[in-house]
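Q: Predicted model follows, preceded by the sequence.
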Amino acid sequence: MQKKLPHEDEDSEGSAQEQKSGEPGADNRPPGSREPGRLNSFVRRTARSLLVAGLLIVTGLVVGYFAFQQPQASALNAQVEQLATEKADLETQVAALQEDVDALEPFEGENRALRASLDEAELHVRLLSALTDVQAAQLNLALGEIDSARLSLSRTETKLEDLQELLPADQQGVVDGMIQRLNLVLDGMESDAFASQSDLEVLANSLLQLENTLFIAP
């Protein structure tokens with residue numbers, strides 16, 4: 001039996017180590033280089049978790065917003081439709097009264113009475129027209145449609161000025177406050193929609209109160 005020389009043992013050990021290191025799946029990286037891989041994996045998992053949580057939060061906020069706004073928008077839309085119907089009816093009455101005025105032109109006394117009725121009807125139409133604008137703007141603003149809200153109010157100041165001219169002298173000052181409130185809404189609609197919504201509510205209530213004073217209260 002031959003004895004192995006020392007250098008032959010060393011060669012055998014080196015070959016065994018090389019074979020082991022060449023085996024499939026063996027991790028040949030130095031021990032210190034394995035940590036960054038685990039850290040990167042942890043960071044990726046954490047980032048995915050945060051992204052999912054963020055999406056869930058945003059989805060919840062969107063659903064909650066529309067759940068809150070939808071009933072308010074539906075109520076305002078119903079009011080706008082009702083006012084539009086009342087306005088159309090009054091416009092029909094105005095046209096009929098104007099025909100009567102023209103037909104009774106020779107009869108001065110009756111003509112004066114009809115003219116008074118016509119002026120009152122026109123006043124009511126102007127008031128309801130301005131109120132329709134305001135409530136349409138409330139609806140659009142509640143839905144976040146600022147451009148549409150501004151468009152709804154584009155002719156409201158002119159309507160209020162026409163209304164003021166038809167009012168009795170002791171009522172005309174009320175419209176000045178309405179016009180000031182309208183300008184506050186138009187100036188702050190983009191920067192503070194919540195404040196503009198509050199101002200629109202005050203303006204709508206003022207118009208409703210004026211209607212009650214002129215046409216409903218005994």
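A: Nice, I can see it.

Q: mind listing what's buried in stretch 82-100?
A: Buried residues in stretch 82-100, counted by 16 or more other C-beta atoms under 10 Å: 83, 87, 90, 93-94, 97. Heads up, the C-betas are built off the backbone N, CA and C, glycines and all.

Q: swap in stretch 157-164?
A: Under the neighbour-count criterion of 16+ other C-beta under 10 Å, stretch 157-164 has 157, 159-160, 162-164 buried.

Q: returning to what we had before: which of the buried residues of stretch 82-100 fall within strands?
A: Among the buried residues of stretch 82-100, no member falls in strands (criterion: DSSP state E).

Q: on that earlier part again, just put the buried residues of stretch 157-164 in a markdown table and tack on distance to Q172.
A: Below are the buried residues of stretch 157-164 laid out as a markdown table (distance: C-beta to C-beta, whole Å):
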| residue | distance to Q172 |
| --- | --- |
| E157 | 15 |
| K159 | 15 |
| L160 | 11 |
| D162 | 12 |
| L163 | 9 |
| Q164 | 5 |
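
Q: can those go into a markdown table with extra columns for distance to F215 and pLDDT?
A: Listed next are the buried residues of stretch 157-164 as a markdown table, based on distance: C-beta to C-beta, whole Å; pLDDT from 0 to 100:
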| residue | distance to F215 | pLDDT |
| --- | --- | --- |
| E157 | 22 | 95 |
| K159 | 17 | 94 |
| L160 | 17 | 95 |
| D162 | 17 | 93 |
| L163 | 13 | 93 |
| Q164 | 16 | 94 |
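
Q: Show only the entries of those found in helices.
A: Judged by DSSP state H, the buried residues of stretch 157-164 include 157, 159-160, 162-164 as members of helices.

Q: quick one: which of these is nearest D192?
A: Among these, E157 lies closest to D192 (C-beta to C-beta), at 20.1 Å.

Q: Now the two most distant members of the buried residues of stretch 82-100.
A: Using C-beta to C-beta, the buried residues of stretch 82-100 reach their maximum pairwise distance at L83 and L97, which is 20.7 Å.

Q: how about the strands in this protein?
A: Taking DSSP E as the criterion, the chain carries no strands.

Q: Pass me the low-pLDDT residue ranges in this structure, would you?
A: 1-56, 58, 60-73, 104-111, 217-218 (pLDDT under 70).

Q: quick one: the helices in it?
A: Residue ranges of the helices in the chain, as given by DSSP H, are 6-21, 35-103, 108-142, 146-152, 156-166, 172-188, 193-211.

Q: C-alpha coordinates for the last one, CSV please?
A: It stands for helix 193-211. Provided in CSV are the C-alpha atoms of helix 193-211 (Å, rounded to 0.1, in the frame of the first residue of the first chain):
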residue,chain,number,x,y,z
ALA,A,193,-65.5,76.4,-2.2
PHE,A,194,-66.9,75.7,1.3
ALA,A,195,-67.2,79.4,2.1
SER,A,196,-68.8,80.0,-1.4
GLN,A,197,-71.3,77.2,-0.7
SER,A,198,-72.2,78.9,2.6
ASP,A,199,-72.6,82.3,0.9
LEU,A,200,-74.8,80.8,-1.8
GLU,A,201,-77.1,79.3,0.9
VAL,A,202,-77.4,82.8,2.5
LEU,A,203,-78.2,84.3,-0.9
ALA,A,204,-80.8,81.6,-1.6
ASN,A,205,-82.5,82.1,1.8
SER,A,206,-82.6,85.9,1.2
LEU,A,207,-84.4,85.4,-2.1
LEU,A,208,-86.8,83.0,-0.5
GLN,A,209,-87.5,85.4,2.3
LEU,A,210,-88.1,88.2,-0.1
GLU,A,211,-90.5,86.0,-2.1
